[in-house]
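J.: Mind looking at a prediction? Sequence and model below.
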Amino acid sequence: MKPLKRHPALIELSREHHGSLSLCVRLLRTPEQSHQAELDPHFVELEPHFLEEETMFAPYWDKVDQALRQRFEDDHAKLRAMMAHPEYMNESWNKDFAVILRDHARFEERELFPAIEPFLPLPENV
């Protein structure tokens with residue numbers, strides 16, 4: 001598989017998305033199992049990830065379709081609410097969390113990042 005060409009500022013975020021997508025696959029394969037040992041550390045990583053994206057993208061919201069911003073903010077709010085009240089032993093909760101996180105990571109990679117990339121400044125050494 002050919003790697004995505006990505007703006008340097010987004011490469012680490014994309015790598016983090018890969019980790020989230022791997023988690024989602026495991027959750028969807030065995031939603032009936034408790035995933036607390038796997039989810040708790042991921043929750044700790046997600047909040048700084050969300051904050052980094054929110055900070056990085058804030059200056060560019062007026063340059064992209066507002067539906068992208070709305071989806072981005074809605075997804076982050078849903079995921080934060082689920083992380084604040086996890087139901088590890090609930091198969092439905094595990095499935096819902098995995099689907100929302102998976103769809104959000106795909107949305108950012110396929111729609112949001114390409115829309116914002118043209119506005120991000122290039123690194124000084126390029």
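T.: On my side now, so go ahead.
J.: what about the helices in the protein?
T.: 11-29, 36-57, 66-84, 91-107, 113-116 (DSSP state H).
J.: can you list those in a markdown table and add mean neighbour count?
T.: No exception for glycine: its C-beta is placed from N, CA and C like everyone else's. A markdown table is the format used below for these (neighbours: other CB atoms under 10 Å):
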| stretch | mean neighbour count |
| --- | --- |
| helix 11-29 | 15 |
| helix 36-57 | 14 |
| helix 66-84 | 14 |
| helix 91-107 | 17 |
| helix 113-116 | 18 |
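J.: Let's have those helices in a markdown table, adding distance to residue 122 and mean pLDDT.
T.: Below are these laid out as a markdown table (distance: least, CB to CB, whole Å; pLDDT from 0 to 100):
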| stretch | distance to residue 122 | mean pLDDT |
| --- | --- | --- |
| helix 11-29 | 13 | 95 |
| helix 36-57 | 14 | 95 |
| helix 66-84 | 22 | 98 |
| helix 91-107 | 25 | 97 |
| helix 113-116 | 14 | 98 |
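J.: TSV please, covering the ones you listed and showing distance to residue 124.
T.: Output for these, formatted as TSV (distance: least, CB to CB, whole Å):
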stretch	distance to residue 124
helix 11-29	16
helix 36-57	17
helix 66-84	27
helix 91-107	29
helix 113-116	20
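J.: got a list of what the most centrally placed residue in the chain touches?
T.: Centroid check for the chain by CA atoms, centre = their mean gives residue 105 as the closest residue, at 4.1 Å. For residue 105, the contacting residues are 17, 20, 21, 24, by CB atoms under 8 Å, 6 or more residues apart in numbering.
J.: Would you mind measuring from the residue lying closest to it once chain neighbours are set aside to residue 110?
T.: In space, residue 105 comes closest to residue 17 once its chain neighbours are excluded; the distance is 4.2 Å by CB to CB, 6 or more residues apart in numbering. Residue 17 sits at a distance of 11 Å from residue 110 (criterion: CB to CB, to the nearest Å).
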